[in-house]
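Asker: Pasted the sequence and its predicted model underneath.
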Amino acid sequence: MSDLLTIQNIRKTFPGVVALDDVSFSVKRGEIHTLLGENGAGKSTLMNVLTGLYHPDKGRISIAGEQVHFTSPRDSLARGIGMVHQHFMLVPAHSVFENILLALDQVPNLFNRKTYKAKIQTLINEFSLDLNLDAPVWKLSIGAQQWIELIKLLMRDCQLLILDEPTAVLTPQEADRLFSVLRRLKDRGKSIIFISHKMREVMDISDRVTILKKGRSIDTLSRGHFDESLLASLMIGRDKIPQWQKNLQMSDEIVLDIQNLSVRNDRGLADLDSFSLQLKKGEILGIAGVAGNGQKALAEVLTGLKNASQGRIMARNEDITNSNARYSYIAGIAHIPEDRKTIGIAPDMSVDENLIMKSFKSGSFRNWIFQNKKAIRRNAEEKIEQFAIKTGPDGTPVRYLSGGNIQKVIIARELSEHPSVLVALYPTRGLDIGSAEYVHKVIADGADRGMSTILIAEDLDELLKLSDRIAVMFRGKLIGYVDPRQTTREEIGLMMSGEVSGAVA
Ligand SMILES: Nc1ncnc2c1ncn2[C@@H]1O[C@H](COP(=O)(O)OP(=O)(O)O)[C@@H](O)[C@H]1O
Ligand SMILES: [Mg+2]
């Protein structure tokens with residue numbers, strides 16, 4: 001096997017950020033090459049450099065030994081490199097067929113449309129894809145939309161296919177189907193760059209793995225020379241991971257009873273559709289589901305960011321659906337988006353100030369109408385120590401902290417009033433493993449003290465590890481509950497696709 005692609009010493013900076021420092025690796029013909037790295041390691045940036053979306057500051061890219069300079073994705077496509085992006089680029093109202101035609105180099109005319117259609121249908125059959133060419137795209141599952149993106153690239157005869165975190169939006173079954181298609185493509189001599197940070201998949205599919213860490217390529221390993229723990233240690237380094245134990249006894253006391261709750265979105269559609277859920281005292285209730293099935297609306301309605309159009313939220317026999325009591329009873333943390341501006345922090349205010357935003361009313365940080373600076377500082381020192389927050393000098397605006405440390409600030413603040421219920425929406429998304437483990441530990445410790453948590457996450461391993469029970473959501477409804485000690489990934493996967501319902505425990 002010869003090298004199809006060589007990447008040498010690539011560097012790419014953005015204002016204030018070195019996204020890629022010094023990256024080198026190569027891809028052979030007919031191999032599945034995985035790029036493994038934590039969020040923010042530079043994987044997407046590297047692929048955007050490779051496909052000509054970004055210009056590197058330094059380094060060289062060669063195809064079949066010849067150096068290339070791409071100035072746009074059009075250039076890289078012309079050389080047989082195509083990418084399935086994390087966000088698809090499809091026209092929802094058009095049919096599958098029309099969407100594929102739009103991506104072709106030559107626009108087919110009335111006379112050869114049929115030939116194209118037959119050609120596409122042959123590809124669909126060849127790879128046993130479940131796709132109807134005449135269906136409008138908006139009716140399709142995310143998995144099917146991904147097939148369209150793949151077919152677009154195959155129709156252009158790409159030799160190197162790049163899939164950037166393709167399984168993030170898939171059920172486990174859909175992911176398995178994708179993997180079997182990728183293997184068949186490889187057997188036909190195609191090269192594939194597969195991007196993921198899910199260890200199980202990486203072990204399953206990769207011929208070789210290149211580990212990216214903080215913008216540097218750490219190593220490339222061939223199948224047979226890596227296992228999960230080696231990859232994990234290369235990916236995260238030797239950061240200490242805190243240990244904790246799962247709480248095994250749980251009371252039957254219901255602390256939150258969600259009854260037939262519906263939430264409409266801006267388009268008048270139901271994000272939550274007669275959703276019912278019961279949360280027990282001291283329980284960590286995991287919510288599984290493919291992203292976009294109402295999880296965000298659930299978190300928002302529970303934490304008071306949205307109003308319900310129907311149904312009730314009961315806390316110990318008190319109706320808190322649209323009352324202020326909800327704020328003190330239920331606290332929330334949500335994931336830190338990359339731009340770090342849209343959620344739970346005041347980015348320009350200091351860590352100290354952010355830590356007391358929730359306790360403002362209680363008066364302990366005020367002398368008459370003035371802030372009690374000393375008390376605020378003492379509180380901050382305590383929280384910084386307790387939650388191991390790495391912050392800059394006193395007064396540092398919170399936006400300068402890393403994602404993991406911002407998340408700790410939010411958690412410290414949310415837990416400061418000892419809420420009965422914590423709603424965590426993708427709380428570890430985008431965090432390094434050490435910070436993610438810290439978040440897990442805080443949730444588990446809270447459970448030991450009787451706090452109940454609704455943990456909404458997309459990583460099944462995370463849910464299986466932490467949850468006492470797992471509820472599965474599909475299209476705004478609760479499909480059922482499973483016991484993480486009894487269930488299988490397959491069972492949860494089927495429930496996530498709405499095909500079967502679980503035992504209602
Ligand atoms: N357009 C951009 N402008 C500024 N910074 C960016 C841009 N794109 C990516 N970054 C930064 O570059 C780093 C690598 O990001 P990315 O390539 O998306 O990582 P990954 O795909 O491995 O999660 C991150 O720190 C990210 O915030
Ligand atoms: Mg990425």
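Answerer: It's in. Ligands and ions are numbered 1, 2, ... in the order given.

Asker: give me phi/psi at Pro166?
Answerer: When read as degrees, to the nearest 10, the backbone of Pro166 gives phi -70, psi -20.

Asker: Could you do Ser44 as well?
Answerer: Ser44 has phi and psi values of phi -70, psi -40 when expressed as degrees, to the nearest 10.

Asker: how much space between His225 and ligand 2?
Answerer: Distance of His225 to ligand 2, given as CB to the ion, to the nearest Å: 25 Å. Glycine gets a C-beta too; all of them are placed from N, C-alpha and C.

Asker: Correction: the previous question concerned Gly294.
Answerer: Counting by CB to the ion, the gap from Gly294 to ligand 2 is 25 Å.

Asker: That residue - nearest residue in space that isn't next to it in sequence?
Answerer: Distance criterion CB to CB, 6 or more residues apart in numbering; nearest residue to Gly294, sequence neighbours excluded, is Gly476 at 3.8 Å.

Asker: give the contact list for the one you found.
Answerer: For Gly476, the contacting residues are Ser262, Val263, Ala270, Asp271, Leu272, Asp273, Phe275, Asn293, Gly294, Ala297, by CB atoms under 8 Å, 6 or more residues apart in numbering.

Asker: So what sits opposite the second one in the bridge?
Answerer: Read it as Val263. Val263 has the following beta-bridge partners by DSSP bridges: Leu272.

Asker: on that earlier part again, which of the contacts of Gly476 sits closest to Ile336?
Answerer: Proximity of these to Ile336 (CB to CB) peaks at Ala297, which lies at 19.5 Å.

Asker: which residues touch whichever strand or helix holds the closest one?
Answerer: With elements delineated by DSSP states H and E, Ala297 resides in helix 295-302, which encompasses its position. Contact partners of helix 295-302, identified using CB under 8 Å, 6+ apart, comprise 258, 261, 263, 265, 271-272, 275, 287, 289, 305-308, 313, 326, 330, 332, 334, 421, 423, 425, 454, 456, 473, 476.

Asker: Of the residues you listed, grab the buried ones for PyMOL.
Answerer: Per 16 or more other CB atoms under 10 Å, the buried members of those correspond to this PyMOL selection:
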select buried, resi 258+261+263+271+272+275+287+289+306+308+313+326+330+332+334+421+423+425+454+456+473+476
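
Asker: Okay, and which of the contacts of helix 295-302 map to helices?
Answerer: When the contacts of helix 295-302 are checked against helices (DSSP state H), the matches are Arg326.

Asker: just to revisit the earlier point, pLDDT added to the contacts of Gly476, as JSON lines?
Answerer: Compiled in JSON lines, those are given as follows (pLDDT from 0 to 100):
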{"residue": "Ser262", "pLDDT": "95"}
{"residue": "Val263", "pLDDT": "93"}
{"residue": "Ala270", "pLDDT": "84"}
{"residue": "Asp271", "pLDDT": "90"}
{"residue": "Leu272", "pLDDT": "94"}
{"residue": "Asp273", "pLDDT": "94"}
{"residue": "Phe275", "pLDDT": "96"}
{"residue": "Asn293", "pLDDT": "88"}
{"residue": "Gly294", "pLDDT": "92"}
{"residue": "Ala297", "pLDDT": "93"}
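
Asker: of the residues you listed, closest to ligand 2?
Answerer: Set against ligand 2, the nearest of the contacts of Gly476 by CB to the ion is Asn293 (22.1 Å).

Asker: three-state assignment of that closest one?
Answerer: Three-state call for Asn293 (DSSP: H, G, I helix; E, B strand; the rest coil): coil.
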